[in-house]
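> sequence-free structure coming up:
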Ligand SMILES: NC(=O)c1ccc[n+]([C@@H]2O[C@H](COP(=O)([O-])OP(=O)(O)OC[C@H]3O[C@@H](n4cnc5c(N)ncnc54)[C@H](O)[C@@H]3O)[C@@H](O)[C@H]2O)c1
Ligand SMILES: [Zn+2]
């Protein structure tokens with residue numbers, strides 16, 4: 001088991017990473033939970049698979065364990081669910097010493113973390129991610145929140161967890177499409193982070209997808225978390241540096257909103273968004289044709305749903321303008337200058353965006 005500490009002073013926390021980590025981290029849980037009340041928030045899929053396991057472990061620490069289940073999927077990220085959860089917290093008299101455990105993917109982490117952030121002006125919470133995406137990305141950094149209508153994560157807070165426990169053993173039961181979605185964010189980290197990590201990921205896409213080498217997957221998750229937590233340490237509230245994590249997300253969020261009803265996944269939208277970003281980087285002459293082709297072909301190895309070829313560009317633009325990342329009416333794009341080097345542009349025209357989206361649509365035709 002490896003440990004990373006996110007040094008945010010009194011809001012700092014440990015991230016424990018490795019196969020079997022959940023079982024081996026009960027001492028750390030004991031320190032945080034003491035014998036106080038604890039609520040596990042999970043979704044129905046994760047509950048079906050792992051409720052027995054988590055209850056068995058937590059009951060060795062405290063008898064006061066409750067489990068609340070939500071429906072799986074992005075549609076749960078709404079205010080009604082959060083209110084329901086808070087009502088449940090009040091019904092069982094959760095207080096300032098209680099802890100919420102988010103046990104599931106990014107959806108559960110974002111909702112449970114947000115409920116923990118606002119209930120009684122904030123109670124403690126722990127993240128136990130069970131998807132690749134939440135293991136390497138969403139469980140770290142303290143961003144929690146929900147959607148407002150189609151606008152992604154428009155309501156939210158910064159609320160750092162007390163502990164994050166990343167156990168790749170959970171990935172065994174994760175459907176392939178969810179693995180691809182997670183690899184999207186993993187590749188994003190490689191592209192914006194450094195060429196060694198990018199190489200390690202791009203050369204092993206199939207092995208990651210099929211979990212052939214659990215040690216390699218753990219190592220890659222560790223590298224992604226280390227990179228993200230380094231950025232969070234330097235820019236916790238996204239006033240500058242942290243923006244680079246939005247690589248592929250400006251157009252990605254527009255796509256996610258436009259195709260939400262069809263069931264597009266977050267990481268899938270980000271893969272499409274990254275394809276657009278590298279295309280924009282190429283037409284702005286920021287990256288060479290050679291690097292563009294290398295990245296395009298690597299991203300293309302990750303399969304996307306066939307309906308992305310039918311995307312309506314006007315609809316994407318409308319959703320993009322509603323995104324919370326719009327500042328003074330200007331959209332911000334993270335573009336690539338090289339692997340591991342990015343900069344932010346706010347002058348990308350609609351014509352350029354349309355050209356990029358049309359190019360990428362054709363790639364998936
Ligand atoms: N807060 C952040 O910093 C941040 C960063 C990136 C993404 N996100 C958010 O994360 C969300 C996406 O997260 P996600 O990709 O983890 O999706 P998810 O939470 O919807 O989980 C994906 C699916 O896999 C199922 N599942 C979870 N763990 C499983 C397991 N071990 N075995 C079998 N099935 C399992 C879930 O029930 C769900 O159906 C989006 O809402 C996105 O906005 C947040
Ligand atoms: Zn993301």
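In hand now; what should we look at? Predicted model only: the values in this text are computed from it and were never measured. Ligands and ions are numbered 1, 2, ... in the order given.

> mind listing what residue 326 touches?
By CB atoms under 8 Å, 6 or more residues apart in numbering, the residues touching residue 326 are 320, 332. Bear in mind the C-beta positions are built from the backbone N, C-alpha and C, glycine included.

> Distance-wise, check it relative to residue 346.
Remark: distance between residue 326 and residue 346 (CB to CB, to the nearest Å) = 10 Å.

> can you check residue 120 too?
39 Å.

> What number of residues are in the vicinity of residue 119?
Residue 119: 23 surrounding residues under other CB atoms under 10 Å.

> Please tell me how far it sits from ligand 1.
The gap separating residue 119 from ligand 1 is 18 Å, by CB to the nearest ligand atom, to the nearest Å.

> I'd guessed that residue sits against residue 88; true?
No. Assessed by CB atoms under 8 Å, residue 119 is found out of contact with residue 88, at 10.0 Å.

> so what's residue 340 closest to, chain neighbours aside?
Nearest residue to residue 340 in three dimensions, chain neighbours excluded: residue 194, at 4.2 Å (CB to CB, 6 or more residues apart in numbering).

> check contacts around residue 136.
182, 185-186, 189, 220-221, 224-225, 228.

> Including neighbour count and secondary structure, could those residues go into JSON lines?
What follows is those, written out as JSON lines (neighbours: other CB atoms under 10 Å; DSSP: H, G, I helix; E, B strand; the rest coil):
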{"residue": "182", "neighbour count": "30", "secondary structure": "helix"}
{"residue": "185", "neighbour count": "27", "secondary structure": "helix"}
{"residue": "186", "neighbour count": "25", "secondary structure": "helix"}
{"residue": "189", "neighbour count": "25", "secondary structure": "helix"}
{"residue": "220", "neighbour count": "24", "secondary structure": "helix"}
{"residue": "221", "neighbour count": "25", "secondary structure": "helix"}
{"residue": "224", "neighbour count": "25", "secondary structure": "helix"}
{"residue": "225", "neighbour count": "24", "secondary structure": "helix"}
{"residue": "228", "neighbour count": "24", "secondary structure": "helix"}
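
> returning to what we had before: any common contacting residues for residue 326 and residue 346?
Applying CB under 8 Å, 6+ apart, one finds that residue 326 and residue 346 are jointly contacted by residue 332.

> Touching, the residue nearest to residue 340 and residue 339? I think so.
Yes. Assessed by CB under 8 Å, residue 194 is found in contact with residue 339 at 6.9 Å.

> of the two, who's got more company?
A side-by-side neighbour count of residue 194 and residue 339, using other CB under 10 Å, places residue 339 first with 21 against 16.

> for the stretch 1-150 of the chain, what spans make up the strands?
Taking DSSP state E, counting those that start in this stretch, the strands of the stretch 1-150 of the chain run over residues 2-6, 13-17, 38-43, 65-70, 99-104, 124-129, 143-148.

> Residue 294: how many residues sit nearby?
Neighbours of residue 294 (other CB under 10 Å): 16.

> ok, it to residue 276 distance?
Computed as CB to CB, the residue 294 to residue 276 distance reads 17 Å.

> so who does the spatially most central residue of the chain touch?
Nearest to the geometric centre of the chain sits residue 138, at 3.2 Å (CA atoms, centre = their mean). Residues in contact with residue 138 (CB under 8 Å, 6+ apart) are 105-106, 109-110, 129.

> Near ligand 1, list only the ones from these.
105-106, 110 (CB under 6 Å from any ligand atom).

> Need those residues in JSON lines (columns: distance to residue 322, neighbour count and pLDDT).
Formatted as JSON lines, the ones next to ligand 1 among the contacts of residue 138 follow (distance: CB to CB, whole Å; neighbours: other CB atoms under 10 Å; pLDDT from 0 to 100):
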{"residue": "105", "distance to residue 322": "24", "neighbour count": "29", "pLDDT": "98"}
{"residue": "106", "distance to residue 322": "21", "neighbour count": "25", "pLDDT": "97"}
{"residue": "110", "distance to residue 322": "19", "neighbour count": "24", "pLDDT": "98"}
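
> Look up phi and psi at the residue nearest to residue 340.
Main-chain dihedrals, residue 194, degrees, to the nearest 10: phi -160, psi 160.

> per-residue pLDDT, it?
On pLDDT, residue 194 comes in at 89.

> got the domain boundaries for the chain?
2-172, 176-363 (automatic domain parsing).

> residues from the stretch 201-350 of the chain in reach of ligand 1?
With CB under 6 Å from any ligand atom as the criterion, the stretch 201-350 of the chain comes near ligand 1 at residues 266-267.

> Please, where are all the strands along the stretch 201-350 of the chain?
333-338, 341-345.

> just those strands: most buried one?
The highest mean neighbour count among the strands of the stretch 201-350 of the chain, using mean count of other CB atoms under 10 Å, belongs to strand 333-338: a mean of 20.
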